[in-house]
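Colleague: sequence first, then the predicted structure:
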Amino acid sequence: MARIGFIGLGNMGLPMAQNLLKAGHHVEGVDVNPAAIEKLKGAGGAVAETAKIAAARGDAVITMLPSGKEVREVYLGAGGIIESANAGTLLIDSSTIDVETARVVAAAAEKKGLLMVDAPVSGGVGGAQAATLTFMVGGSAQAFTRAQPILEKMGKTIVHAGGAGNGQAAKICNNMILGISMIAVSEAFVLAEKLGLDHQKLFDISSKSSGQCWSMTTYCPVPGPVPTSPANRDYAAGFTAAMMLKDLRLSQEAARAAKARTPLGAGAEKIYSDYVGSGEAGRDFSGIIRFIRGG
């Protein structure tokens, strides 16, 4: 079993680290939140005072951080992971960040003789807790081969998307689809309400017809048809509106850099920006239906 440093024990990182412990790995956690550290210790984990210490004595290091800025600081800064890790150490960044940062950090890691993959996830907190996440992995074939057995302890679907940064590219493209489709499904249910069509009837039809999509059948934005969806819990967040906005902004930054036309992606970014600005940043992203409805 590997000795793994895990930096970032938030809503996603903590259950991921706990699943590694369940699989028999030795996990040393690093986080600014003492409560998260205590939860990891309660699950049998250990504590490393800094990312530098975790990197220096780990066979692998996993990071789950808020943005590219933190990733650059933790990996590239003085006393950071790349400077501190021993040659051959495996680095896994599961943060959702911009493609450029992922590729810059991977190049620095390779120069130091380290193996690195960018491995953002899909599946939300529920997937992290159940170890059913999807990992979209960018990096060399050698790095992917090293990372796969570790990722399999935290997820159900592990896909090698290609070279460095391609995991991030896959993630932002996927979540652009998700953001757009949730708006489309929400608009359809709001229109159905205005036309006197029952929610369940629309679901029964569209979930078996050409309107079928994940936002409809798994995360339906109205209460009732899918009992496990956040709509049945006043849109308590599994994946917040703020996080969706972050991913849509990343998609639009990438689109501008690549000179790709994404008018629906741009529209979705604007709608979620307005929704978050209305005070709903912490609400589940499927709550966008209430914003579209006007209350």
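Modeller: Thanks, I have it.
Colleague: quick one: contacts for L178?
Modeller: L178 is in contact with W214, S215, M244, counting by CB atoms under 8 Å, 6 or more residues apart in numbering. C-beta: built from backbone N, CA, C; applies to glycine.
Colleague: at 6 Å what do you get?
Modeller: L178 makes no contacts at all, as judged by CB atoms under 6 Å, 6 or more residues apart in numbering.
Colleague: quick check: which element contains it?
Modeller: helix 166-195 (DSSP states H and E).
Colleague: C-terminal to that helix, what's the next element?
Modeller: Next element after helix 166-195 (DSSP H and E): helix 199-206.
Colleague: could you give the angle of that next one to helix 166-195?
Modeller: Using axes from the mean of the first three to the mean of the last three CA atoms, to 10 degrees, the inter-axis angle of helix 199-206 relative to helix 166-195 is 130 degrees.
Colleague: by contact count, what packs against helix 199-206?
Modeller: Helices and strands touching helix 199-206, by 3 or more CB pairs under 6 Å, 6 or more residues apart in numbering; DSSP states H and E: there are none.
Colleague: quick check: the gap between the residue sitting furthest away from the middle of the chain and L202.
Modeller: What lies farthest from the middle of the chain is G196; by CA atoms, centre = their mean that is 37.1 Å. From G196 over to L202 the distance is 11 Å, taken as CB to CB, to the nearest Å.
Colleague: who's in contact with the host helix or strand of A143?
Modeller: Assigned by DSSP H and E, A143 belongs to helix 141-151. The list of residues contacting helix 141-151 from outside it, by CB under 6 Å, 6+ apart, reads L90, I92, L115, M116, V117, F135, V137, I158, H160.
Colleague: go again using 8 Å as the cut-off
Modeller: Contacts for helix 141-151 (CB under 8 Å, 6+ apart): 2, 4, 20, 25, 60, 62, 90, 92, 115-117, 119, 135, 137, 139, 158, 160.
Colleague: and for stretch 14-28?
Modeller: Counting by CB under 8 Å, 6+ apart, 1-6, 9, 29, 36, 39-40, 43-48, 53-54, 57-58, 62, 64, 94, 125, 128-129, 131, 133, 150, 153-154 sit against stretch 14-28.
Colleague: quick one: the helices in the chain?
Modeller: If you assign secondary structure with DSSP state H, the helices in the chain sit at 13-22, 34-42, 51-57, 68-76, 81-84, 99-111, 124-130, 141-151, 166-195, 199-206, 214-217, 241-258, 263-275, 288-293.
Colleague: nearest to P223, of those helices?
Modeller: Distance to P223, taken as CB to CB, is lowest for helix 199-206 among the helices of the chain, at 7.9 Å.
Colleague: for the closest one, buried residues please.
Modeller: H199, L202, F203, S206 (16 or more other CB atoms under 10 Å).
Colleague: got a list of contacts for it?
Modeller: 188-189, 192-193, 211-212, 216, 220, 222-226.
Colleague: please apply the same query to stretch 230-245.
Modeller: For stretch 230-245, using CB under 8 Å, 6+ apart, the contacting residues are 124-126, 175, 178-179, 182, 219-224, 226, 269, 272-273, 275-276, 280-290.
Colleague: just the buried ones from the contacts of stretch 14-28?
Modeller: Looks like the contacts of stretch 14-28 have 2, 4-6, 9, 29, 36, 39-40, 43, 45, 47-48, 53-54, 58, 62, 64, 94, 128-129, 131, 133, 150, 153-154 buried, using 16+ other CB under 10 Å.
Colleague: mind picking out the helix or strand in the chain with the poorest mean pLDDT?
Modeller: Ranked by mean pLDDT, DSSP states H and E, the weakest helix or strand in the chain is helix 124-130, scoring a mean of 91.
Colleague: which strands and helices lie in contact with it?
Modeller: When contacts are defined as 3 or more CB pairs under 8 Å, 6 or more residues apart in numbering; DSSP states H and E, helix 124-130 packs onto helix 13-22.
Colleague: pull out the buried positions in the helix it packs on.
Modeller: Neighbour-count burial for helix 13-22 [16+ other CB under 10 Å]: G13, L14, P15, M16, A17, Q18, N19, L20, L21.
Colleague: do the same with stretch 176-189
Modeller: Buried-residue list, stretch 176-189, by 16+ other CB under 10 Å: 176-183, 185-189.
Colleague: so how far is it off the chain centroid?
Modeller: Distance of stretch 176-189 from its chain centroid, counting by CA atoms, centre = their mean, to the nearest Å, is 19 Å.
Colleague: pLDDT below threshold where in the stretch 101-250 of the chain?
Modeller: Per-residue confidence for the stretch 101-250 of the chain (pLDDT under 70) gives no ranges below the cut-off.
Colleague: am I right that S278 is in contact with F291?
Modeller: Yes. S278 lies in contact with F291 (CB atoms under 8 Å); the separation is 6.6 Å.
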